[in-house]
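*Asks:* sharing a model that was predicted from the sequence below.
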Amino acid sequence: MNTVFVRAKSICAKPRQVALTLLTSLLLGVSCWVAAADMSDDAISERIKPVGGVYLADAAATAKPSGPRTGEQVYNGACIACHGSGALGAPKFRDAAQWAPRLKQGIDTLQKHAIAGLNQMPARGTCTDCSDDEIKAAIEYMTSGL
Ligand code: HEC
């Protein structure tokens, strides 16, 4: 036992011991190299992710809503049919004399009447998909400057 201990500690170890030591360090080295490869969750999911992922941001951008129409657009699309010529007794486009008594009611009442309809004036002036704000914008456009 004593001689083995002395031999192990000696610098000039037997060739077989040297070979064993080398083999051990080689194995250790290889396992360290494998462990050094990136094993983080991110790195693994990056390696195994499917090819050809779809980027959806562009699809959302092209499907964006068109936004509210201007008073001019609503007027030209619906109101002009009667208010352009005064058909059915509609107050004409920017006709001060015809609009004056109506404007006295205030924009809120005018908007209410236009939304609900008034006598020959159909509800929302036939613009069924117009928002309340779009109706108001059309009234303001028709009476602008009066
Ligand atoms: C089918 C014809 C017609 C269309 C289309 C029409 N109007 Fe009229 N509008 C009328 C008539 C007729 C009156 C007058 C009603 C009355 O005082 O008896 C009127 C009156 C109004 C008034 C005055 C209401 C009041 O209280 O005096 C407003 C405001 C108005 N229209 C807004 C609009 C807007 C905004 C549109 C389009 C979105 C529109 N109208 C489309 C026929 C129409």
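*Replies:* Cool, got the structure.
*Asks:* give me the neighbour count for Gly106.
*Replies:* For Gly106, the count of nearby residues is 10 (other C-beta atoms under 10 Å). Every C-beta, even on glycine, is put in place using the N, C-alpha and C of the backbone.
*Asks:* gap between the residue of the chain found nearest the ligand and Ala78?
*Replies:* Across the chain, no residue is closer to the ligand than Gly125, which sits at 2.4 Å (C-beta to the nearest ligand atom). To Ala78, Gly125 is 5 Å away according to C-beta to C-beta, to the nearest Å.
*Asks:* pull the number of nearby residues for Cys127.
*Replies:* Neighbour count of Cys127, defined by other C-beta under 10 Å: 19.
*Asks:* an error on my part: the question was meant for Gly84.
*Replies:* Neighbour number of Gly84 under other C-beta under 10 Å is 14.
*Asks:* where in the protein is pLDDT low?
*Replies:* Counting by pLDDT under 70, the chain shows low-confidence ranges at 1-37, 44, 50-65.
*Asks:* run the last query once more with 90
*Replies:* Within the chain, the stretches with pLDDT under 90 are 1-67.
*Asks:* pull up the residues of it that are close to the ligand.
*Replies:* 74, 78-79, 81-83, 87-91, 102, 105, 109-110, 113-114, 118-122, 124-127, 130, 135, 138-139 (C-beta under 6 Å from any ligand atom).
*Asks:* give the buried subset of the residues you listed as a PyMOL selection command.
*Replies:* Of the residues of the chain next to the ligand, the buried ones can be selected in PyMOL as follows, counting by 16 or more other C-beta atoms under 10 Å:
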select buried, resi 74+78+79+82+83+90+91+102+110+113+114+121+122+124+125+127+130+135+138+139
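*Asks:* re earlier: what sits in contact with each of Gly125 and Ala78?
*Replies:* Ala138 (C-beta atoms under 8 Å, 6 or more residues apart in numbering).
*Asks:* show me where the chain has helices.
*Replies:* 2-9, 15-36, 41-48, 57-62, 71-74, 80-83, 96-103, 107-116, 132-142 (DSSP state H).
*Asks:* thank you, goodbye.
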